[in-house]
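Asker: Give me the fold of what follows.
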Amino acid sequence: MSKIFELLTEEFYLWESLTASSVESDNYNLIATSPSDDVGFLNIAIKKNSQLEYTSNELKELKDFFSGKETKGNIVIEYLESRRDSAIENSEYFFKGATEALDAPSGDIEVLETTDYLMFSECIQCGFEYPEGFASGFAKKMESISSKMECRFFLLKYKGEVASITSFFKTSRNNYYCMMNTSTMHKFRKKGLSEILISYSHSILNGAVFARTNNPHMANLLRKMNYSEGDRFQIVPIDSLT
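Answerer: Residues are numbered from 1 along each chain as shown. Below you'll find the predicted structure:
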């Protein structure tokens, strides 16, 4: 598990800055809670000894803890094929250090940085096939997040049309940028545009980048781009283990 705990910590700092609901106990860290059934990094606990194994007593303790916060809890475990269907997420981390600045793409391709949150959100809605109305709410979230941390939004235009997007987030506590929201519009897929966008935008950040994904296509792209793997893991509801 070369970097999993380091990257878990990095991502937690992002969520912590948004939810302001982290808790630290004697035995656990990276606990974020909120009174809801939200999953993933909004309600997880990881043992401080960096071992992704839990006794029955520890699971009961955590279940009671989250119940006291009026929410359901989850834990991170090593990837197990037998848990694949019961896991909330089957994910893996990827990491790459700072890279030398690349020449800007030319010809039919143009990469731009934007602060047009609505336009960026409309591209997310289209690329991920989210329902109508998603973009307006997401744009407000991006604007709010931008007031709390460094946010960089990039888009690639192909022959004048927005073809691919990605974004990077970093708090004052983070050592690395977290890459999220990478998507290519359907009509522009299989042209290698996401790779161009990620490579160029990463090169001008002047910093290391990590990403978490449960999408095999994104994972294959990051491997192709020589992002190192930081281990596969699962986020599993405590209820499924007790």
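
Asker: use CA for all of it now, contacts and neighbours both
Answerer: OK.

Asker: center of the chain - which residue?
Answerer: Central residue of the chain (C-alpha atoms, centre = their mean): residue 212, 4.8 Å from the mean position.

Asker: Show me which parts of the lengthiest helix in the chain are buried, residue by residue.
Answerer: Counting by DSSP state H, the longest helix found in the chain is helix 4-19. Neighbour-count burial for helix 4-19, counted by 16 or more other C-alpha atoms under 10 Å, picks out 4, 5, 7, 8, 10, 11, 12, 13, 14, 15, 16, 17.

Asker: still on that earlier bit, Provide the secondary structure category for the residue nearest to the centre of the chain.
Answerer: strand (DSSP: H, G, I helix; E, B strand; the rest coil).

Asker: All the helices of this protein, in order from the start?
Answerer: So, for the chain - with DSSP H - the helices run 4-19, 56-68, 117-127, 134-146, 193-203, 216-224.

Asker: Nearest to residue 78, out of the ones you listed?
Answerer: helix 4-19 (9.9 Å; C-alpha to C-alpha).

Asker: Give the other helices and strands that the closest one contacts.
Answerer: strand 228-237 (3 or more C-alpha pairs under 8 Å, 6 or more residues apart in numbering; DSSP states H and E).

Asker: List the strands paired with the strand it packs on, with their directions.
Answerer: Paired neighbours of strand 228-237 in the sheet (DSSP bridges): strand 74-78 (antiparallel), strand 89-96 (antiparallel).

Asker: could you check the angle helix 56-68 makes with the shortest one?
Answerer: Using axes from the mean of the first three to the mean of the last three C-alpha atoms, to 10 degrees, the interaxial angle of strand 74-78 with respect to helix 56-68 works out to 150 degrees.

Asker: before we move on, what about the last one?
Answerer: Compare the direction of strand 89-96 with that of helix 56-68 by the same axes, to 10 degrees and you get 90 degrees.

Asker: outside of strand 89-96, which residues touch it?
Answerer: 4, 7, 40, 79, 84, 208-214, 222, 226-236 (C-alpha atoms under 8 Å, 6 or more residues apart in numbering).

Asker: Count the neighbours of residue 153 for me.
Answerer: Residue neighbour count, defined by other C-alpha atoms under 10 Å, stands at 21 for residue 153.

Asker: Is the residue nearest to the centre of the chain bridged to anything, and to what?
Answerer: With DSSP bridges as the rule, residue 212 is bridged to residue 93.

Asker: about what we covered before: extract the C-alpha set from the longest helix of the chain and format it as PDB.
Answerer: Extracted as PDB, the C-alpha positions of helix 4-19 are listed here (Å, rounded to 0.1, in the frame of the first residue of the first chain):
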ATOM      1  CA  ILE A   4      -3.000   4.900   0.000                       C
ATOM      2  CA  PHE A   5      -3.000   6.500   3.500                       C
ATOM      3  CA  GLU A   6      -1.200   9.600   2.200                       C
ATOM      4  CA  LEU A   7      -3.800  10.000  -0.600                       C
ATOM      5  CA  LEU A   8      -6.700   9.200   1.700                       C
ATOM      6  CA  THR A   9      -5.500  12.000   3.900                       C
ATOM      7  CA  GLU A  10      -5.100  14.400   1.000                       C
ATOM      8  CA  GLU A  11      -8.600  13.700  -0.200                       C
ATOM      9  CA  PHE A  12     -10.000  14.000   3.300                       C
ATOM     10  CA  TYR A  13      -8.600  17.500   3.600                       C
ATOM     11  CA  LEU A  14     -10.700  18.500   0.600                       C
ATOM     12  CA  TRP A  15     -13.900  17.100   2.100                       C
ATOM     13  CA  GLU A  16     -13.100  18.500   5.500                       C
ATOM     14  CA  SER A  17     -12.800  22.000   4.100                       C
ATOM     15  CA  LEU A  18     -16.200  21.700   2.600                       C
ATOM     16  CA  THR A  19     -18.100  19.900   5.400                       C
END
